[in-house]
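K.L.:
build me a model:
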Amino acid sequence: MILYLTDWLLMPIFALLLYFIFKRIRDKKYKGQIIAKYFIPALMFRILGAFLTALMYQFYYGFGDTFYYYYGVTDIFDMWGQDWATAIEMCFVPYEDLSPEALRAIGIHRLYSEPSTGLVMRIGGFFSPLALGTFIGISFYMTAFAFVGCWLLYRVFYDLYPQLHRPLAWAILFLPSSCFWGTGLMKDSLTLGGLGFMVYGAYYLFIKRQKLFRAGLYLIVGAYLMAFIKVYIILALAPAMVVWVFLMYKERIKIAFLRKIATPVFLLLGVVGGLLALQRIGAAFSAYSFDNIMVQAKKTQWWLTVSSERDGGMGYTLGDFSPTPIGLLRVFPAAVNVSLFRPYLWEARKPIVLPSAAESFFTLLLTLFVFRKVGFWKTIKTIFSDPVVLFCLIFAVIFAFAVGFSTLNFGSLARYKIPCLPFYFAAMLILLYQYSDFDKNFKTFSKK
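P.N.:
Next up is the predicted model:
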């Protein structure tokens, strides 16, 4: 079990505690600002999502990764009451450097020794005294961290498009899948928060050139979490971010002619810079070289297909492919399509998949609406002329391909794809807004 009587009794206390803490932050930092009205509702919506996620794992699935994370967290929590120095060691010292006392306190060595799962347990263990060792308390605190990252991401887009504060709030702060799957004692809440930290840090460090110390710190925190938990997020983000930074600097060129010819130059530099960044990351993490990714993806696809058929799961297939660059290109459109627009409504054969199918259907309708209202060629032109839209779509498409290609299960895909959805929806909203003949009600709605 992960939910006990103490969880039910203490749950409202933890929710109220977070409410008053963040209310104080809102009143101090955002008083009088139009975005202040989204701050507390967005947090509480995610707290509700964390509660519903806990109910799902306890009473619907009855098992899951979060169970094992919690078992590891309780080992650390128990040590807080026995030897706080050893507890601190378990939270901050790598597994291979732990003392014999700390090693004896660990119950699940295989997961604790693995960098990504071990980091989730250590962070959960750090929060455990504040949560009195309860699963729901730890889930709420980690959900609050994810919310902070998403709020920072929202502030970046609000700084760029203040007139779109309301639509962007729905796309980033109140996205249902993000507020459900991106919560609790899971890898996803940490990486979702880390993604927001990293984008915020990069924006203020390289583009705005403001708040340099804070921006650098946020960038390091976000990159650290994603590098050790889900490094493929950085693999998708790096080329998009390099292109974004280069093109934003291009916009600062005063002479129109130089600014025009700078576009292909900056794009080329952005692509080269992105490839170099990927090469550096691949060198640092040899497991993410192209050959290893292909071999591992083939194994993962085989196992997910077998397990999905065995357990009656919601599996899908992209067809057979060869682990080569050409084979990868052949399945690229299908993989992106499955992440953004599937499962289709008729593919939701289980109740748990129906919300994901509804969100995917909405994403498809919004995409078609954008191309219809703006026009196909004008949409393409706007994408390549707006650095923010281009950044969002490069990351969203690369990431959508990565998870769609490697997951092959709609249940898992609903959780894995959440980092790219806010960027994709933000890009669609910006495209609509920049369409000069678009319904004026949209712009009026944005300013309320």
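K.L.:
so what's F395 closest to, chain neighbours aside?
P.N.:
A240 (3.8 Å; C-beta to C-beta, 6 or more residues apart in numbering). Every residue, glycine included, has its C-beta placed from N, CA and C.
K.L.:
got a list of what that neighbour touches?
P.N.:
Going by C-beta atoms under 8 Å, 6 or more residues apart in numbering, A240 touches 274, 391-392, 394-395, 398.
K.L.:
show me the contacts for F63.
P.N.:
So F63 contacts Y57 (C-beta under 8 Å, 6+ apart).
K.L.:
surely it is in a helix?
P.N.:
No. Secondary structure of F63, determined by DSSP: H, G, I helix; E, B strand; the rest coil: coil, with no helix assignment.
K.L.:
ok, it to L52 distance?
P.N.:
In this view, F63 and L52 are 17 Å apart by C-beta to C-beta, to the nearest Å.
K.L.:
for A240, same thing?
P.N.:
Where L52 is concerned, A240 sits at a distance of 32 Å (C-beta to C-beta).
K.L.:
how about L421?
P.N.:
On the measure of C-beta to C-beta, L421 and L52 end up 18 Å apart.
K.L.:
which one's more surrounded, these two?
P.N.:
L421 (24 against 14; other C-beta atoms under 10 Å).
K.L.:
burial check on the nearest residue to that one once chain neighbours are set aside, number of neighbours?
P.N.:
Spatial nearest neighbour of L421, excluding adjacent residues (C-beta to C-beta, 6+ apart): L175 at 6.0 Å. For L175, the count of nearby residues is 19 (other C-beta under 10 Å).
K.L.:
for L175, what are its contacts?
P.N.:
Here L175 is in contact with 418, 421-422, 425 (criterion: C-beta under 8 Å, 6+ apart).
K.L.:
quick one: those as CSV, columns for secondary structure, pLDDT and distance to L103 too.
P.N.:
Listed next are the contacts of L175 as CSV, based on DSSP: H, G, I helix; E, B strand; the rest coil; pLDDT from 0 to 100; distance: C-beta to C-beta, whole Å:
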residue, secondary structure, pLDDT, distance to L103
I418, coil, 95, 35
L421, helix, 96, 40
P422, helix, 96, 40
F425, helix, 97, 46
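K.L.:
from those, which is closest to L119?
P.N.:
Looking at the contacts of L175 and their distance to L119, the nearest is I418, at 18.9 Å (C-beta to C-beta).
K.L.:
about what we covered before: and the residue nearest to L421, how close does it get to F425?
P.N.:
For L175 relative to F425 (C-beta to C-beta), the value is 7 Å.
K.L.:
ditto for M90
P.N.:
M90 is 39 Å from F425, by C-beta to C-beta.
K.L.:
more neighbours: those two, which one.
P.N.:
M90 (28 against 22).
K.L.:
so the more buried one belongs to a helix, correct?
P.N.:
Yes. Counting by three-state DSSP, M90 falls inside a helix.
K.L.:
quick check: it touching I123?
P.N.:
No. In this structure M90 lies outside contact range of I123 using C-beta atoms under 8 Å: 11.5 Å.
K.L.:
point out where this protein drops to low pLDDT.
P.N.:
251-263, 266-267, 269-314, 321-325, 436-448 (pLDDT under 70).
K.L.:
tell me where it has strands.
P.N.:
In the chain, no strands are found when defined by DSSP state E.
K.L.:
how about the closest residue to Y218 other than its chain neighbours, what does it touch?
P.N.:
Nearest non-adjacent residue to Y218, counting by C-beta to C-beta, 6+ apart: G201, 3.6 Å away. By C-beta under 8 Å, 6+ apart, G201 lies in contact with 214-222.
K.L.:
how does it look with 10 Å?
P.N.:
152, 156, 211-212, 214-223 (C-beta atoms under 10 Å, 6 or more residues apart in numbering).
K.L.:
in PyMOL, select just the buried ones from those.
P.N.:
Here is the PyMOL command that picks out the buried ones among the contacts of G201, judged by 16 or more other C-beta atoms under 10 Å:
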select buried, resi 152+156+215+218+219+221+222+223
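K.L.:
just the ones in helices from the contacts of G201, please.
P.N.:
The members of the contacts of G201 that map onto helices under DSSP state H are 152, 156, 212, 214-223.
K.L.:
which one of these sits closest to I21?
P.N.:
L152 (16.8 Å).
K.L.:
excluding its backbone neighbours, what's nearest that closest one?
P.N.:
Y200 (3.8 Å).
K.L.:
circling back to that earlier point, with respect to I326, which of the ones in helices among the contacts of G201 is nearest?
P.N.:
A223 (32.0 Å).
K.L.:
what sits against the closest residue to that closest one other than its chain neighbours?
P.N.:
Distances taken as C-beta to C-beta, 6+ apart put M198 closest to A223, at 5.5 Å, once the chain neighbours are dropped. Each residue near M198 by C-beta under 10 Å, 6+ apart is listed here: 149, 152-153, 191, 218-227, 233-234, 237, 241.
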